[in-house]
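**Student:** Mind looking at a prediction? Sequence and model below.
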Amino acid sequence: MDKFLITRRSANPVTGPIMVTTSPRVTCPLACPFRKGSDDPLAGLCYAEHGALGGYVWTLLDRTPAGGAFQNGNIRVYGFDELLYLIRALPTGSLWRHNVAGDLPSNNKTTIDRAALRAIVEANKGRRGFTFTHYDVLTNLANRQAIAEANRDGFTVNLSANSLAHADALADLRIAPVTVVMPAGTTENVRTPNGRTVVICPINTHPGTTCASCGLCSRQRSTIVGFPASGGLKHKLT
């Protein structure tokens, strides 16, 4: 069963006061080298595996069914229909972020559930929802089509790249905006091997900036956004 954490007005200093959601670990695709338990040298690097999110909140979401709650009932776990309702309840033009942890719905961790994604896209109409995905689009045509459709219809799904060369390959598809993980502490903009500009996320370069005040990742754009690695294993990315 699909389940989510939903914070209607986040107090997170990174996102700022927007609605944010979290999906369980089971949504993380096998293609992601940063997921805990992968056989990649970068396994476990995912920022969401560290701090209170990875050590407490994400784990309890995994263990709690939709309709349940944890932390003495203060944190509720929502079902898919409730997610759609709360998206539709947002005022027109609202910026919101899907998945501060987790990824898009899937039945096998390989291919996106296109019908579920389509339902999110429809609920988002008139709003400025955005998210990020590590699902494979280079060899999986179904994923490529689902993500292209979502972006075309107003829900921004950023393709998450593992390197600058990978970012070029994703950008060449021209189906979605692209982001890329960068070594920790990176503050200067760089270029990919094919000459594309990578702008470091302004939260890392302009104090006081939040997703709420920036909105760059919610836009259809040619510029690639770079995220310096964070979390307890950030040193693994060089």
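**Tutor:** Noted; the coordinates are in hand.

**Student:** Just the CA atoms of the lengthiest helix in the chain, as CSV, please.
**Tutor:** Scanning the chain for the longest helix, with DSSP state H as the assignment, gives helix 141-152. The C-alpha trace of helix 141-152 is given here as CSV (Å, rounded to 0.1, in the frame of the first residue of the first chain):
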residue,chain,number,x,y,z
LEU,A,141,11.5,3.4,-22.1
ALA,A,142,8.4,3.2,-19.9
ASN,A,143,10.1,5.4,-17.3
ARG,A,144,11.2,7.8,-19.9
GLN,A,145,7.7,8.2,-21.3
ALA,A,146,6.1,8.5,-17.8
ILE,A,147,8.6,11.3,-16.8
ALA,A,148,8.3,13.1,-20.0
GLU,A,149,4.5,13.1,-19.7
ALA,A,150,4.6,14.4,-16.1
ASN,A,151,6.9,17.3,-17.0
ARG,A,152,4.9,18.2,-20.1
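
**Student:** quick one, phi psi at the residue nearest in space to the middle of the chain?
**Tutor:** Centroid-nearest residue in the chain: residue 132, 3.1 Å away (criterion: C-alpha atoms, centre = their mean). Residue 132 has phi and psi values of phi -140, psi 150 when expressed as degrees, to the nearest 10.

**Student:** Can you name the residues bridging to it?
**Tutor:** residue 158 (DSSP bridges).

**Student:** ok, it touching residue 147?
**Tutor:** No - counting by C-beta atoms under 8 Å, residue 132 does not reach residue 147; the two are 10.9 Å apart. No exception for glycine: its C-beta is placed from N, CA and C like everyone else's.

**Student:** list the residues that contact both of these two?
**Tutor:** Any residue near both residue 132 and residue 147 by C-beta atoms under 8 Å, 6 or more residues apart in numbering counts here, and that gives 157, 159.

**Student:** how about the helices in this protein?
**Tutor:** Counting by DSSP H, the chain has helices at residues 51-52, 58-63, 80-88, 114-123, 141-152, 164-171, 202-205, 211-214.

**Student:** Which of those sits closest to residue 22?
**Tutor:** Closest of the helices of the chain to residue 22 is helix 58-63, at 6.2 Å (criterion: C-beta to C-beta).

**Student:** Show me what counts as buried in that closest one.
**Tutor:** Under the neighbour-count criterion of 16 or more other C-beta atoms under 10 Å, helix 58-63 has 58, 60, 61 buried.

**Student:** contacting residues for the second one?
**Tutor:** Right, the one you point to is residue 60. 70, 71, 75.

**Student:** how about 10 Å then?
**Tutor:** Residues counted as contacts of residue 60 (C-beta atoms under 10 Å, 6 or more residues apart in numbering) are 5, 24, 68, 69, 70, 71, 75, 77.

**Student:** same deal with the last one?
**Tutor:** Applying C-beta under 10 Å, 6+ apart, we find residue 61 in contact with 3-5, 22-25, 53, 68, 70, 75, 77, 101-102.
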